[in-house]
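Chemist: Requesting a structural model of the entry that follows:
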Amino acid sequence: MTDKKTSPEQAQRIRVLVAKPGLDGHDRGAKVIARALRDAGMEVIYTGLRQTPEMIAEAALQEDVDVVGLSVLSGAHMALTPRVMELLRSNGQSHVKLFIGGIIPDEDLHRLVEMGVAGVYGPGANTEDIIRDIKKAVAG
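Modeler: Numbers count the residues shown, from 1 in each chain. Sure thing, here's the model as predicted:
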């Protein structure tokens, strides 16, 4: 029987939870991002459609993630994002970085960043930018 050791790459692997909160049933973008993050060497957990903020925060806790990425196309980002952040803090996960993608009006970008969202991305965002931003947020 061999003793399996964790390689330095595995020990430093960024764990990302990709979640689709609310009633939005469109997940193509979330799946594209999940694949890009995985291809960049991150460990990705995809929760599937129609997750509540409570389900997302619990999954983040159980999976011990570094990052939560929310995909919101329903327009409910200003209700769902603060609730997810509140639940992460109450679970002792204030270190978890929160990113959001989807249909986000320009007037909401500043408010989301003020709340503590690490990155906000709209349709057609460059996956290399997202990967770079996640790595920077986790490292810093």
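
Chemist: helix, strand or coil for V44?
Modeler: strand (DSSP: H, G, I helix; E, B strand; the rest coil).

Chemist: what about it, neighbour count?
Modeler: 20 (other C-beta atoms under 10 Å). (C-beta placed from N, C-alpha, C; glycine too.)

Chemist: ok, now T47?
Modeler: 20.

Chemist: hmm, who's touching the one helix or strand V68 maps to?
Modeler: Taking DSSP states H and E as the criterion, V68 maps to strand 67-72. Residues outside strand 67-72 that contact it (C-beta atoms under 8 Å, 6 or more residues apart in numbering): 14-22, 24, 27, 29-30, 33, 37, 56, 60, 77, 80-81, 84, 88, 96-104, 118, 134, 137-138.

Chemist: 7 Å instead, please
Modeler: 14, 16-22, 24, 27, 29-30, 33, 56, 60, 80-81, 84, 96-102, 134, 138 (C-beta atoms under 7 Å, 6 or more residues apart in numbering).

Chemist: list the contacts for the residue nearest to H95 when sequence neighbours are not counted?
Modeler: Residue nearest to H95 in three dimensions, not counting chain neighbours: D66, with 7.9 Å by C-beta to C-beta, 6 or more residues apart in numbering. When contacts are counted by C-beta under 7 Å, 6+ apart, D66 touches I14, R15, V16, V96, K97, V138.

Chemist: Most neighbours out of those residues, which is it?
Modeler: Counting neighbours by other C-beta under 10 Å, the top entry in those is V16, with 27 neighbours.

Chemist: Enumerate every residue touching that one.
Modeler: L37, M42, V44, V65, D66, V67, G69, I134.

Chemist: switch to 10 Å and redo it
Modeler: V16 makes contacts with 33-34, 37-38, 40, 42-46, 60, 63, 65-69, 97, 99, 134, 138, as judged by C-beta atoms under 10 Å, 6 or more residues apart in numbering.
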